[in-house]
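Visitor: next input, structure requested:
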Amino acid sequence: MKIAGRTLICAVTPVALAGLVMPLALASPAAAAAGSTISRVGSFVNYGAAPGATNQVNVTTAPGGVLTVTDMATIAAGPGCRQVNATTVTCGQAAGVSYFNANLGDMGDSFTAPAATFRVVLDAGTGNDSVTTGGANDVINVSDGLPDTVNCGGGNGDIVNGDSHDTFTGCELHNP
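Guide: Now for the predicted structure:
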């Protein structure tokens, strides 16, 4: 009788543990794939959109000079940044940023950083995108065959690679 009871416990325990662990294991990759990421190393900030996410990235300087990035899609804080909530991340003092690199990915996205004093290097990816940058000399790629809108802000050496049906405002050098 003791052998049968012990055998039953030994057989049921792994199945019960698998039932508890498997949902966690299956949920982790989906959660990781759902959002965009942002990190900061020194004066460089890097933002990468998740595939299939429509992004509305807004870069601002919060009270106290903190660089704040919000997105309609979820965004995860990487090294050098701090998670505020599912769609907001802070990345230290804006005054220390010299480059903000952004890859918007594969959907119709928007990126706004109208008060940025640092250089934005941005690849809008595919989709009908809208990009607004600030007063630095930015490098923007919107060449994807779809109509995009770019406002380069107040810089004096912006370079934009786009298509003939894109709209450019305040950009010093653009192709076409």
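Visitor: could you use CA atoms for every contact and neighbour count after this?
Guide: Will do.
Visitor: can you show me the helices along the chain?
Guide: Under the criterion DSSP state H, the chain contains helices at 2-34.
Visitor: quick one, domains of this structure?
Guide: The chain breaks down by automatic domain parsing into domains covering 1-34, 35-175.
Visitor: let me know the average pLDDT across the first one.
Guide: It stands for domain 1-34. Mean pLDDT, domain 1-34: 42.
Visitor: turn the domains of the chain into TSV, including mean neighbour count.
Guide: Compiled in TSV, the domains of the chain are given as follows (neighbours: other C-alpha atoms under 10 Å):
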stretch	mean neighbour count
domain 1-34	10
domain 35-175	19
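Visitor: comparing those by mean pLDDT, which bottoms out?
Guide: Among those, domain 1-34 scores lowest, at a mean of 42.
Visitor: and Arg82, bridged to which residues?
Guide: Thr90 (DSSP bridges).
Visitor: so who does it touch?
Guide: Neighbouring residues of Arg82 by C-alpha atoms under 8 Å, 6 or more residues apart in numbering: 89-91.
Visitor: quick one: contacts for Phe118?
Guide: Phe118 touches 97-100, 134-136, counting by C-alpha under 8 Å, 6+ apart.
Visitor: ok, residues contacting stretch 141-160?
Guide: 114, 122-140, 161-163, 165-175.
Visitor: if we use 6 Å, what do you get?
Guide: When contacts are defined by C-alpha atoms under 6 Å, 6 or more residues apart in numbering, stretch 141-160 is touched by residues 123-124, 126, 128-140, 161-163, 165-174.
Visitor: and the end-to-end length of stretch 144-164?
Guide: Chord length of stretch 144-164, first to last residue, is 11 Å (C-alpha to C-alpha, to the nearest Å).
Visitor: then stretch 156-165?
Guide: First residue to last in stretch 156-165 (C-alpha to C-alpha) measures 23 Å.
Visitor: so Val57 sits against Asp109, correct?
Guide: No. Using C-alpha atoms under 6 Å, Val57 makes no contact with Asp109, being 8.0 Å away.
Visitor: and for the two, which residues touch both?
Guide: Residues touching both Val57 and Asp109 (C-alpha under 6 Å, 6+ apart): there are none.
Visitor: how near is Val41 to Tyr47?
Guide: The value you get for Val41 to Tyr47, if C-alpha to C-alpha is used, is 12 Å.
Visitor: brilliant, that's me finished.
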